[in-house]
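Peer 1: Just need the structure, nothing else, for what follows:
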Amino acid sequence: MKVRKAKLTDAEPMLALINGYAEQGFMLPRSRNMLYESIREFLLAEEEGEIIGVASLHILWSDLAEIRALAVASAAQGQGLGQLLVQTLIEEALDLGCERVFALTYQPGFFERCGFQLAEKEEMPHKVWKECINCVKFPNCDEIAVIKNIK
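Peer 2: Model prediction:
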């Protein structure tokens with residue numbers, strides 16, 4: 001298995017993996033446009049040429065980053081791949097100088113196992129919500145906020 005940065009040619013399999021889970025209600029859907037615009041934020045796990053995991057790190061402010069669109073193929077779950085992707089993104093955030101990383105998720109237990117703590121969405125900085133206007137759940141967000149101090 002190899003972990004690497006995403007390329008433009010990865011967008012379609014990434015979209016299929018992410019939106020496959022979104023259709024089941026496990027995460028929010030992503031648009032093709034969003035993937036292309038943010039492709040440089042994405043990290044992939046690949047095995048034998050197949051994408052088996054994706055996640056992105058989105059910088060919001062000088063001290064805050066968000067882990068987004070974390071998905072691991074069902075056949076690769078339970079092997080620590082999700083935790084590896086999260087840890088790799090946390091290391092990237094540290095290298096960039098971030099102090100905190102958060103996620104909005106339907107799987108808070110997973111993030112708690114990665115050292116995150118539950119947080120009140122209302123206490124998150126306003127910058128967090130700037131893209132919510134484009135969300136299919138706006139204005140009735142039902143995701144759960146988790147945060148981790150990494151410095």
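Peer 1: Could I get the phi/psi values of residue 32?
Peer 2: For residue 32, the backbone dihedrals (degrees, to the nearest 10) come out as phi -60, psi -40.
Peer 1: Would you mind measuring from it to residue 38?
Peer 2: Using Cβ to Cβ, to the nearest Å, residue 32 is found at 11 Å from residue 38. (Each C-beta comes from the backbone N, C-alpha and C, glycine too.)
Peer 1: okay, these two: which has more neighbours?
Peer 2: residue 38 (16 against 12; other Cβ atoms under 10 Å).
Peer 1: and the gap between that one and residue 85?
Peer 2: Using Cβ to Cβ, we find residue 38 at a distance of 16 Å from residue 85.
Peer 1: And the helices in this protein, which stretches?
Peer 2: 11-23, 32-37, 81-96, 108-113 (DSSP state H).
Peer 1: now residue 110, nearest residue through space, not along the chain?
Peer 2: residue 82 (6.3 Å; Cβ to Cβ, 6 or more residues apart in numbering).
Peer 1: I meant residue 45, not that one.
Peer 2: Nearest one to residue 45, counting by Cβ to Cβ, 6+ apart, is residue 53 at 3.4 Å.
Peer 1: Now do the contacts for residue 88.
Peer 2: Going by Cβ atoms under 8 Å, 6 or more residues apart in numbering, residue 88 touches 3, 43.
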